[in-house]
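Student: have a look at this prediction, sequence included:
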Amino acid sequence: MIIVTSNKGKYAEYREIMEREGISLELVLMSYPEEQLDTVEEVARRSAEFLRNVVGGDFFIDDSGLFIESLKGFPGVYSSYVNRTLGNEGILKLLDGKIDRGAEFRTCIAYYDGAVNIFVGKTRGVISTEIRGRNGFGYDPIFIPEGEGRTYAEMSTEEKDLLSHRSKAASAFINFLKKKKI
Ligand code: IMP
């Protein structure tokens with residue numbers, strides 16, 4: 001199975017999840033244009049439609065975003081830009097003094113096998129009051145998943161996989177692949 005991404009952190013997480021299921025994963029390391037649409041599903045679908053003419057054969061991509069409730073869903077589909085510009089410090093500043101720190105991480109997988117198939121995973125949680133942990137990537141040091149006291153960045157990849165938005169989308173995707181084989 002081919003994953004197209006410029007993010008080695010995503011690749012590492014998928015490799016762990018998929019190889020456990022006996023699916024070997026090949027990385028095509030490249031960035032591609034991401035249109036600014038309203039949902040991660042639309043962004044992922046559009047990117048897969050663009051890439052089908054670039055990558056030979058079947059592949060999948062992952063479009064993810066962090067949706068913070070008191071900011072009306074921001075950064076959402078702008079998560080990548082905001083991570084590069086404001087960063088985690090900037091998000092904490094925006095939430096300074098806010099009591100509601102609820103947030104949701106969403107992943108959308110778009111798998112192209114002649115048609116685009118969409119799989120979504122969501123994990124609710126809260127934004128921490130400080131940057132914590134060294135593992136993972138992106139917003140991991142400020143996202144505490146529901147039922148946990150630790151940020152994603154304070155967990156091992158295996159621990160993050162047990163509850164992450166990405167692993168939920170990956171499970172739905174793997175079920176689809178298994179059904180397709182039968
Ligand atoms: P994209 O899916 O590459 O567009 O990701 C949007 C932004 O969210 C990027 O800045 C990523 O680093 C960040 N991001 C995506 N998935 C995760 C995750 O699992 N943990 C933390 N940050 C993430």
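Tutor: It's in. Numbers count the residues shown, from 1 in each chain.

Student: so residue 50 sits against residue 30, correct?
Tutor: No. At 11.6 Å, residue 50 does not count as touching residue 30 under the criterion of CB atoms under 8 Å. Bear in mind the C-beta positions are built from the backbone N, C-alpha and C, glycine included.

Student: between the two, who's got more neighbours?
Tutor: A direct count of neighbours by other CB atoms under 10 Å for residue 50 and residue 30 places residue 50 higher, at 15 against 11.

Student: look at that one and give its secondary structure.
Tutor: helix (DSSP: H, G, I helix; E, B strand; the rest coil).

Student: same check on residue 37?
Tutor: When classified by three-state DSSP, residue 37 comes out as coil.

Student: and residue 31, how close does it get to residue 51?
Tutor: 11 Å (CB to CB, to the nearest Å).

Student: which one of the two has more residues nearby?
Tutor: Neighbour comparison, residue 31 and residue 51: the larger count goes to residue 51, with 20 against 9 (by other CB under 10 Å).

Student: residues in contact with that one?
Tutor: Contact analysis of residue 51 by CB atoms under 8 Å, 6 or more residues apart in numbering lists 4, 32, 59, 61, 112.

Student: weed out the non-buried ones from those residues.
Tutor: Neighbour-count burial (16 or more other CB atoms under 10 Å) applied to those gives 4, 59, 61, 112.

Student: okay, and the first one sits in which element?
Tutor: Residue 4 belongs to strand 2-5 when elements are defined using DSSP states H and E.

Student: can you tell me what sits against that strand?
Tutor: 10-11, 14, 25-30, 32, 51, 55, 57-62.

Student: buried residues of the lengthiest helix in the chain, list them for me.
Tutor: In the chain, taking DSSP state H as the definition, the longest helix is helix 165-181. For helix 165-181, the neighbour count (16+ other CB under 10 Å) marks 165, 166, 167, 168, 169, 170, 173, 174, 177 as buried.

Student: please report the distance of residue 180 from the ligand.
Tutor: According to CB to the nearest ligand atom, to the nearest Å, residue 180 and the ligand sit 25 Å apart.

Student: find the closest residue to the ligand in this protein.
Tutor: With CB to the nearest ligand atom as the measure, residue 138 is the residue of the chain nearest to the ligand, at 2.4 Å.

Student: that residue in helix, strand or coil?
Tutor: Going by three-state DSSP: residue 138 is coil.

Student: returning to what we had before: and the strand holding residue 4, which residues are buried?
Tutor: Residues of strand 2-5 classed as buried by neighbour count (16+ other CB under 10 Å): 3, 4, 5.

Student: how far does it sit from its chain's centre?
Tutor: 13 Å (CA atoms, centre = their mean, to the nearest Å).
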